[in-house]
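Engineer: Test case, fold it:
(one chain, ligands or ions: 1)
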Amino acid sequence: MKILVSVKRVIDYNVKVRVKSDNSGVDLSNVKMSMNPFDEIAVEEAVRLKEAGVATEVIVVSAGVAQAQETLRTALAIGADRAILIDSNEELQPLVVAKLLKALVEKEQPQLVILGKQAIDDDSNQTGQMLAALANLPQATFASKVVVADGRANVSREVDGGAETLSLKLPAVITTDLRLNEPRYVTLPNIMKAKKKPLETIKPADLGVDVAPRLKTLKVAEPPKRSAGVKVPDVKTLVEKLKTEAKVL
Ligand code: AMP
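Structural biologist: The predicted structure follows:
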């Protein structure tokens, strides 16, 4: 059983994001980039399924600039078998990524496609759902547990007020939530091994996908600065201020 996992190169989650002075987007120059955290969880889950003897091959794919190869090498170091870079300098929006992944699904015929539930840069939470619709595959989003057996994936997902378990007929699309697993640390020997694993580079045109953006970003702005707080001498004054100034009591 083949598993296809998508990994996106995003600004590292520890970095304080700066907005460009012309408000056209966020500043990516000299900023540390890493694998989207939800995608790390997706790779870990696929590798665990391989280690458990459920899967035979884990293929990782990233769409974006040439530097996304580093992200793919990290995925290979976690334990994926081979990588595909869909090389493009365009801004790739979720619909385009979903179309690219659909074309790859047709080519590679994986039984399971695992994506992150959202990319922490655009926070779209759209790609997995769009892929499932375009490829006409069953989907379980926000997975917190995945069990694969007898041609089905049983997926637990957290919903308001509890957990829900879905049984999907494979092939299927799953998106990961934070609680699914804790990705392993990548060790130096595995980083060295990953350098020798196959990494193929293709262009969106090879998959017959037009990557032109359909949405236009009008403006990106910093959140408004919070005004400074005040210290009050005692509870009586606090209650008074909440009544007369904040008017919340
Ligand atoms: P989004 O819909 O943008 O929030 O992204 C959801 C998931 O889709 C991510 O966690 C990735 O697994 C996948 N994805 C989105 N964009 C890309 C990309 N450019 N390359 C590879 N995977 C992507």
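Engineer: what pairs with the residue of the chain found nearest the ligand across the strands?
Structural biologist: Nearest residue of the chain to the ligand (CB to the nearest ligand atom) works out as Gly116 at 2.3 Å. The C-beta positions use only the backbone N, C-alpha and C, and glycine is treated the same way. Beta-bridge pairing for Gly116 (DSSP bridges): Thr176.
Engineer: Kindly confirm whether my reading is correct that it touches Thr176.
Structural biologist: Yes - when contacts are counted by CB atoms under 8 Å, Gly116 is listed as touching Thr176 (5.6 Å).
Engineer: Mutual contacts of those two, please.
Structural biologist: 38-39, 41-42 (CB atoms under 8 Å, 6 or more residues apart in numbering).
Engineer: Out of those, which are close to the ligand?
Structural biologist: Contacts with the ligand within the shared contacts of Gly116 and Thr176, counted by CB under 6 Å from any ligand atom: 38-39.
Engineer: Among the shared contacts of Gly116 and Thr176, which ones are in strands?
Structural biologist: Judged by DSSP state E, the shared contacts of Gly116 and Thr176 include no members of strands.
Engineer: Reformat the shared contacts of Gly116 and Thr176 as CSV; add pLDDT.
Structural biologist: Output for those, formatted as CSV (pLDDT from 0 to 100):
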residue, pLDDT
Phe38, 98
Asp39, 98
Ile41, 98
Ala42, 98
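Engineer: Write the ChimeraX selection for whichever of the shared contacts of Gly116 and Thr176 are buried.
Structural biologist: Here is the ChimeraX selection string for the buried members of the shared contacts of Gly116 and Thr176, based on 16 or more other CB atoms under 10 Å:
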select :38,39,41,42
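Engineer: so which of the shared contacts of Gly116 and Thr176 comes closest to Asn89?
Structural biologist: Nearest to Asn89 among the shared contacts of Gly116 and Thr176, counting by CB to CB, is Asp39 at 20.6 Å.
Engineer: doesn't Arg9 make contact with the closest one?
Structural biologist: No - contact criterion CB under 8 Å: Asp39 and Arg9 do not qualify, at 9.3 Å.
Engineer: and the chain, which residues reach the ligand?
Structural biologist: Residues of the chain lying near the ligand (CB under 6 Å from any ligand atom): 6-8, 36, 38-39, 62-64, 92, 94, 97, 115-116, 118-119, 122, 124-128.
Engineer: Filter these down to the ones in strands?
Structural biologist: The strands, defined by DSSP E, take in 6, 62-64, 115-116 from the residues of the chain next to the ligand.
Engineer: quick revisit: okay, now the residue of the chain closest to the ligand: neighbour count?
Structural biologist: 27 (other CB atoms under 10 Å).
Engineer: mind saving the C-alpha coords of stretch 236-249 as CSV?
Structural biologist: The C-alpha trace of stretch 236-249 is given here as CSV (Å, rounded to 0.1, in the frame of the first residue of the first chain):
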residue,chain,number,x,y,z
LYS,A,236,-12.6,48.6,44.9
THR,A,237,-11.0,50.8,42.3
LEU,A,238,-10.9,47.9,39.8
VAL,A,239,-14.6,47.3,40.2
GLU,A,240,-15.3,51.0,39.9
LYS,A,241,-13.3,51.2,36.7
LEU,A,242,-15.0,48.1,35.2
LYS,A,243,-18.3,49.8,35.9
THR,A,244,-17.6,53.4,34.8
GLU,A,245,-14.8,53.1,32.2
ALA,A,246,-14.9,49.6,30.7
LYS,A,247,-18.7,49.4,31.3
VAL,A,248,-18.6,45.7,31.5
LEU,A,249,-20.3,45.3,34.9
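Engineer: Now do the end-to-end distance for stretch 102-121.
Structural biologist: Counting by CA to CA, to the nearest Å, you get 22 Å between the two ends of stretch 102-121.
Engineer: Oh, that last question was meant for stretch 129-144, not what I typed.
Structural biologist: Per CA to CA, stretch 129-144 runs 17 Å from first to last residue.
Engineer: And the strands in the chain?
Structural biologist: With DSSP E as the criterion, the chain has strands spanning 2-6, 9-11, 33-35, 57-64, 82-87, 112-116, 139-149, 152-159, 162-169, 172-176, 199-202.
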